[in-house]
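Visitor: Sequence plus predicted model, see below.
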Amino acid sequence: MRRSWRHRFHLPAVIGTIPMILVAVGVFVIGIGFSVLWSFTSSKLFPSYDFVGLAQYRRLWADNRWLVSVNNIWFFGLMSIACNMVFGYLLAVFMDQRIRQEDLFRSIFLYPFAMSLIVTGLVWQWVLDPNLGLQAAMRNLGWSSFSFAPLVDANTAIYALVVAGIWQGSGVTMAILLAGLRGVDEEIWKAARVDGIPTWRTHVSIVAPMMKGAFATAFVLQCVGVVRVYDLVIAMTGGGPGIATSMPAVYVIQLITVRQNVGQGMAAATMMLLPVLVVLAFSGLVLWRRKRRQEAAT
Amino acid sequence: MTAAQITVRDPSDQAGVVPFGPKPRGTSAGRIGIYAFLIVAALFFLIPVYIMIVTSLKGMPEIRLGHLFNFPVEPTFQPWADAWLHACTGRDCNGLSPGFYNSVKITVPSVIISIVCASINGYALTFWPYKGANLLFGLLVFGAFVPYQVVIYPLIIGLSSVGLFATLPGIIIVHTIFGMPILTLLFRNFYAALPVELFKAARVDGAGFWRIFFSIMLPMSVPITVVAIILQVTGIWNDFLFGIVFAGRSNWPMTVQLNNIVNTTTGVREYNVNMAATILTAAVPLIIYFVSGRWFVRGIAAGAVKG
């Protein structure tokens, strides 16, 4: 497929893509390189080149606040992704039942996604505020012993973050999965019905596996959202009560700005990068093997 | 259900298949269950915003009564005016309006610059791939997955070394940088789907890189540009992290000011003003969402599918 005009050096093409070159190399390669480099130094407020080996990593993993943050991101990530997927799929299945007012329901389920996580966090902070929100309203209705204040309890605050995450993100999962459901051939449903397979079995065993692409899209979007959980935490709990809802993203920013300990902050940032690198390397390997198999087949 | 309602289904949802089959029978138990589930779910999504709207229209004495769900007895727009003009962020009591103008000043140039860069990138990658271009593109897409925290500090150092840290151009550059991976991908996929004969014919006619871009590709890029604009405007308007780190105090966007107004620890909490402020901040992306409809979903889906 190679043509003579391809792969030749065209000066305008290089000039036109200078921004891309600068961002790809200048920010994503050199920038990340410096972050990793500084993680091996004793940098405080400003970067220094006084190398201290793995000392910053040792201090990082001895810091209780970091350990809590890591636990939180796993808990929040697994909970919110699982809930969003299940709830989003249920919504999509129910929306696919030829219901009235489909557009109205779709708009209602999806609109929180248009709003920023700061707004989402503030909204839920109020709804769950013991003096103003649900608890006060229920007590006012005469149920004076009603107690529901998840945000002030260190053990439950993270569940409140998960609920806010579901409120913001399950609608978009629904939209993507609904598009996937509509892409499944109607004949398959008919065939399954003829064979007497119950509807839920058809969903689990036949339709869901056919929607791999839609699930993957929704999953990637969820993962990106989990990494961006910074805004939600800041608006809703500020990382509290205490350090109960701290997350790695919050931890890194705190180390850079408030605690002015760049070396350790960059060590934490490097740790955030590691799982991303592993996932990317793995998916790159899968793609490469698939490509090779395709080439072998032709 | 009528035929008209069936045709309302969106053909662009890549389904292409309008389901036929027997009409659902009136009101069976199953149908009631479906609607019950959907209505309960809709309440879960609507109640927080209902609370915000009614609270923003109440006076403080009425709020202290604690009737969260009640409609305001004496509706007042005073909290909205206060939120816009007088609410305090720290020592300044100018309301949210400066933040709104800051957000506009940040969003408009960021969106334009990032889309211009990304469309040229996508065009060059598709039709003029030079040696190493795809490697660069791979690095860029890799950048889309990197947690922001990993590159924030080098960016702070880089921008302050050229005197752009905590300035309006600085925050615009940051938004352009972080919009580039997804937007470039968007445009590259779009151009790759165009018939290559178009490009070849122009080449035969002697048109060069820029000529083909401006007179052929650009006019054809309207649909993808709309998607890119929606994606960028909502994304940049809703941004908090870059705003608070890179914009500088005098350029803080609306989201940062909102958080400062609401999560301030001093003084009496004016819930009605806070809720009005929150609604005002959410208004711009919500308007885009309701006006653009399905384009919005398409933009998000396009932004999520990387590669």
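Guide: Yes, it's here. Numbers count the residues shown, from 1 in each chain, chains lettered A, B, ... in the order given.
Visitor: Please count neighbours and contacts with C-alpha atoms only from this point.
Guide: Noted.
Visitor: The longest helix anywhere in chain A - contacts with which helices or strands?
Guide: Taking DSSP state H as the assignment, the helix of chain A that covers the most residues is helix A:262-297. If contacts are counted by 3 or more C-alpha pairs under 8 Å, 6 or more residues apart in numbering or on different chains; DSSP states H and E, helix A:262-297 sits against helix A:32-38, helix A:55-61, helix A:248-257, helix B:148-161.
Visitor: According to the record, where do the domains of chain B fall?
Guide: In the assignment given by the TED database, the structural domains of chain B cover B:31-75, B:99-265+B:283-304.
Visitor: how distant is the last one from the center of its chain?
Guide: Meaning domain B:99-265+B:283-304. Relative to the centre of its chain, domain B:99-265+B:283-304 is centred 11 Å away, using C-alpha atoms, centre = their mean, to the nearest Å.
Visitor: which stretches of chain A aren't confidently modelled?
Guide: Low-confidence segments of chain A, defined by pLDDT under 70, span residues A:1-8, A:228, A:298.
Visitor: rerun at 80
Guide: Counting by pLDDT under 80, chain A contains low-confidence residues at A:1-9, A:131-133, A:136-137, A:140-142, A:144-149, A:224-225, A:227-228, A:240, A:297-298.
Visitor: Next one: residue B:1, what pLDDT does it get?
Guide: Here the pLDDT value assigned to residue B:1 is 39.
Visitor: now the one 4 residues further on
Guide: Each residue has a pLDDT score; the one for residue B:5 is 40.
Visitor: Just name the most buried of the domains of chain B.
Guide: domain B:99-265+B:283-304 (a mean of 19; mean count of other C-alpha atoms under 10 Å in any protein chain shown).
Visitor: quick one on the thing from earlier: could you dump the domains of chain B into JSON lines with distance to residue A:174 and mean pLDDT added?
Guide: Converted to JSON lines, the domains of chain B look like this (distance: least, C-alpha to C-alpha, whole Å; pLDDT from 0 to 100):
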{"stretch": "domain B:31-75", "distance to residue A:174": "12", "mean pLDDT": "87"}
{"stretch": "domain B:99-265+B:283-304", "distance to residue A:174": "11", "mean pLDDT": "90"}
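Visitor: Output the ones you listed in JSON lines, with distance to residue A:87 appended to each entry.
Guide: Compiled in JSON lines, the domains of chain B are given as follows (distance: least, C-alpha to C-alpha, whole Å):
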{"stretch": "domain B:31-75", "distance to residue A:87": "10"}
{"stretch": "domain B:99-265+B:283-304", "distance to residue A:87": "18"}
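Visitor: What's the separation between residue A:242 and chain B?
Guide: When C-alpha to the nearest C-alpha, to the nearest Å is the yardstick, residue A:242 and chain B sit 16 Å from each other.
Visitor: wait, isn't that residue in contact with residue A:152?
Guide: No - applying C-alpha atoms under 8 Å as the test, residue A:242 and residue A:152 come out as separate, 9.8 Å apart.
Visitor: who's more crowded, these two?
Guide: For residue A:242 against residue A:152, the residue with the higher neighbour count under other C-alpha atoms under 10 Å in any protein chain shown is residue A:152, and the figures read 16 against 13.
Visitor: Apart from its chain neighbours, what residue comes closest to the more buried one?
Guide: Taking C-alpha to C-alpha, 6 or more residues apart in numbering or on different chains, and ignoring the residues beside it in sequence, residue A:152 has residue A:241 as its nearest neighbour in space, at 6.2 Å.
Visitor: Provide the backbone phi and psi angles at the one you found.
Guide: Backbone torsions for residue A:241, taken as degrees, to the nearest 10, come to phi -60, psi 140.
Visitor: And it, how far from residue B:290?
Guide: Counting by C-alpha to C-alpha, to the nearest Å, the gap between residue A:241 and residue B:290 amounts to 36 Å.
Visitor: ok, now residue A:171?
Guide: Plainly put, residue A:171 is 15 Å away from residue B:290 if you go by C-alpha to C-alpha.
Visitor: what's the nearest residue to residue B:113 if we skip its chain neighbours?
Guide: Nearest residue to residue B:113, sequence neighbours excluded (C-alpha to C-alpha, 6+ apart): residue B:176, at 6.7 Å.
Visitor: State the helix or strand in which the one you found lies.
Guide: Element membership of residue B:176, judged by DSSP states H and E, is helix B:168-192.
Visitor: Give me the contacts around that helix.
Guide: Residues outside helix B:168-192 that contact it (C-alpha atoms under 8 Å, 6 or more residues apart in numbering or on different chains) are A:20, A:23, B:105-107, B:109-111, B:113-115, B:117-119, B:121-123, B:125-126, B:140-141, B:143-144, B:159, B:164-165, B:224, B:228, B:232, B:236, B:242-243, B:246-248, B:251, B:302-303, B:306-307.
Visitor: Show the subsequent helix or strand relative to it.
Guide: The first helix or strand that comes after helix B:168-192 along the chain, using DSSP H and E, is helix B:196-204.
Visitor: Identify the residues contacting the next helix or strand after that next one?
Guide: Beyond helix B:196-204 on the C-terminal side, the first helix or strand identified by DSSP H and E is helix B:209-212. Contacts of helix B:209-212 from elsewhere in the structure, counted by C-alpha under 8 Å, 6+ apart, are A:12, A:13, B:199, B:202.
Visitor: who touches both of residue A:242 and residue A:152?
Guide: By C-alpha under 8 Å, 6+ apart, no residue touches both residue A:242 and residue A:152.
Visitor: roughly how far apart are the residue in the stretch 201-307 of chain B positioned nearest to chain A and residue B:97?
Guide: Using C-alpha to the nearest C-alpha, the closest approach of the stretch 201-307 of chain B to chain A is made by residue B:238 at 4.5 Å. Going from residue B:238 to residue B:97 by C-alpha to C-alpha gives 16 Å.
Visitor: and if you look at residue B:293?
Guide: According to C-alpha to C-alpha, residue B:293 and residue B:97 sit 27 Å apart.
Visitor: Now do the contacts for residue B:240.
Guide: A:118, A:231, B:253, B:255, B:256.
Visitor: I meant residue A:239, not that one.
Guide: Neighbouring residues of residue A:239 by C-alpha under 8 Å, 6+ apart: A:233, A:245, A:246, A:247, A:250.
Visitor: cutoff 10 Å now
Guide: The neighbourhood of residue A:239, defined by C-alpha atoms under 10 Å, 6 or more residues apart in numbering or on different chains, consists of A:69, A:157, A:158, A:230, A:232, A:233, A:245, A:246, A:247, A:250, A:251.
Visitor: Cool, thanks, talk later.
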